[in-house]
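Student: Generate coordinates for the sequence data below:
(chains A and B)
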Amino acid sequence: MKLNKLRKLKERITGTMLFVFGISLLYLVLFILSPNLVYRAFIYSGGLFLKILPTFAGVIVLLFLTSLFIKPKQIKNFLGQKSKIKGWVIAIIGGILSTGPIYLWYPLLSELKEKGMRLALISTFLYNRSIKIPLLPVLVLYFGWTFTFILAIYTIIFSIINGYLLEKFVGVKK
Amino acid sequence: MTLDFKDAGIKTWNNLKKTIPILIAMVLLVSIVFVAVPKEFYSKIFTKNIILDPIIGASIGSVAAGNPITSYIVGGELLNNGISLLAVLAFILAWVTVGFVQFPAESLMLGRKFAIFRNLISFVAAIVIAILMSFTLGLL
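Tutor: So this is what the prediction gives:
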């Protein structure tokens, strides 16, 4: 019984909880050791929050719009096709448009894999998730338009290379 | 096509509920590190060596986890504090493409071999893209 309770408790503790707890503990320990350091850190944090706040507000709006217009089922239908150039294009666009944490997409991709989706396309889809349209304003804020544009181009090119290499190493699913 | 505003709102809220605590904790972590650690410390870690710097950046980025927005913030702050673009790029790219934290789930659902090679290729790609980006931006 106790073991079950412990197991349930362990399941409820998420990585986020541990991370937030860890940071809180770090601040508490540092506050005891050096209150001035923590004070300076809070001042720095305040400035950082103010800097990212307007962009983060834009991110929230874009997250909402993406959730409103892009459904996982729509992407699934298009990715189920045989992979020709169109398949690569769909995998790239699907990866860019997909929202939410990466692990939410594993079950769908696993199902598509069972139905014959190329591993290369799954890899390409996952790689292109690094281009997050709602988050691009933040990247532009920190690094500029030129940087963001070139990075997006390289990411797309390497997502295709990534897909081909993966199939080379893992093998083609028959 | 019917638009489900309520569903989109719930999804956005759920996303924010997960993101905000991580974002706040990340900003606090970045702040304490930048206040406590002198700039010279980073210049010691990042050697300005064209090969070593991206490897160090990619290694740190690979073990880090969270929303990409936090990697942009940390990367931007690292850049402002004198860390090379090469290392920052490898860090950001590895953060979003390599996932040690997600590895068990990826391995279970998409296959161990798939997860191992996808992460390995992404790690190498992060370094290669970082070097190519630095050259490209240098040419512009």
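
Student: Of all the helix elements in chain B, which one is longest?
Tutor: Secondary structure of chain B per DSSP state H: the longest helix is helix B:5-36.

Student: Run through the neighbouring helices and strands of that one.
Tutor: Under the contact definition 3 or more C-beta pairs under 8 Å, 6 or more residues apart in numbering or on different chains; DSSP states H and E, helix B:5-36 sits against helix A:15-33, helix A:35-69, helix B:68-80. Yep, even glycine has a C-beta here, placed from its N, CA and C like the rest.

Student: for chain B, where's the lowest mean pLDDT among helices and strands?
Tutor: Lowest on mean pLDDT, DSSP states H and E among the helices and strands of chain B sits helix B:39-45, with a mean of 59.

Student: Setting aside sequence neighbours, what's the nearest residue to the single nearest residue of chain A relative to chain B?
Tutor: Evaluated by C-beta to the nearest C-beta, chain A has A:Tyr142 as its residue closest to chain B, separated by 3.2 Å. Of all residues not flanking A:Tyr142 in the chain, B:Gly76 sits nearest, at 3.2 Å (C-beta to C-beta, 6 or more residues apart in numbering or on different chains).

Student: For the one you found, give me its contacts.
Tutor: Residues near B:Gly76 by C-beta atoms under 8 Å, 6 or more residues apart in numbering or on different chains: A:Leu141, A:Tyr142, A:Phe143.

Student: Which helix or which strand is home to the first one?
Tutor: Put plainly, it is A:Leu141. In this structure, A:Leu141 is located in helix A:136-143 according to DSSP states H and E.

Student: Which other helices and strands does that helix contact?
Tutor: If you count contacts as 3+ C-beta pairs under 8 Å, 6+ apart, helix A:136-143 packs onto helix A:35-69, helix A:145-170, helix B:68-80.

Student: Point out where chain B drops to low pLDDT.
Tutor: B:1-2, B:18-19, B:37-44, B:48, B:63-67, B:101-102, B:104-105, B:139-140 (pLDDT under 70).

Student: residue in it nearest to chain A?
Tutor: Proximity of chain B to chain A (C-beta to the nearest C-beta) peaks at B:Gly76, 3.2 Å away.

Student: From A:Gly58, how far out is that residue?
Tutor: Counting by C-beta to C-beta, to the nearest Å, the gap from B:Gly76 to A:Gly58 is 16 Å.

Student: and A:Glu114, how many residues sit next to it?
Tutor: 9 (other C-beta atoms under 10 Å in any protein chain shown).

Student: Let's see the pLDDT reported for it.
Tutor: Per-residue pLDDT puts A:Glu114 at 71.

Student: Please apply the same query to A:Thr124.
Tutor: Per-residue confidence for A:Thr124 comes out at a pLDDT of 94.

Student: could I get the helices and strands packed on helix A:136-143 as TSV with distance to B:Ile50?
Tutor: Shown next, in TSV, are these (distance: least, C-beta to C-beta, whole Å):
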stretch	distance to B:Ile50
helix A:35-69	30
helix A:145-170	17
helix B:68-80	17
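
Student: Of the ones you listed, flag the one that's most buried.
Tutor: Each of these was scored by mean neighbour count; the highest is helix B:68-80, a mean of 22, by mean count of other C-beta atoms under 10 Å in any protein chain shown.

Student: what packs against the helix or strand just after that one?
Tutor: For helix B:68-80, the following helix or strand on the C-terminal side (DSSP H and E) is helix B:85-97. When contacts are defined as 3+ C-beta pairs under 8 Å, 6+ apart, helix B:85-97 packs onto helix B:52-63, helix B:68-80, helix B:112-139.

Student: Thank you, goodbye.
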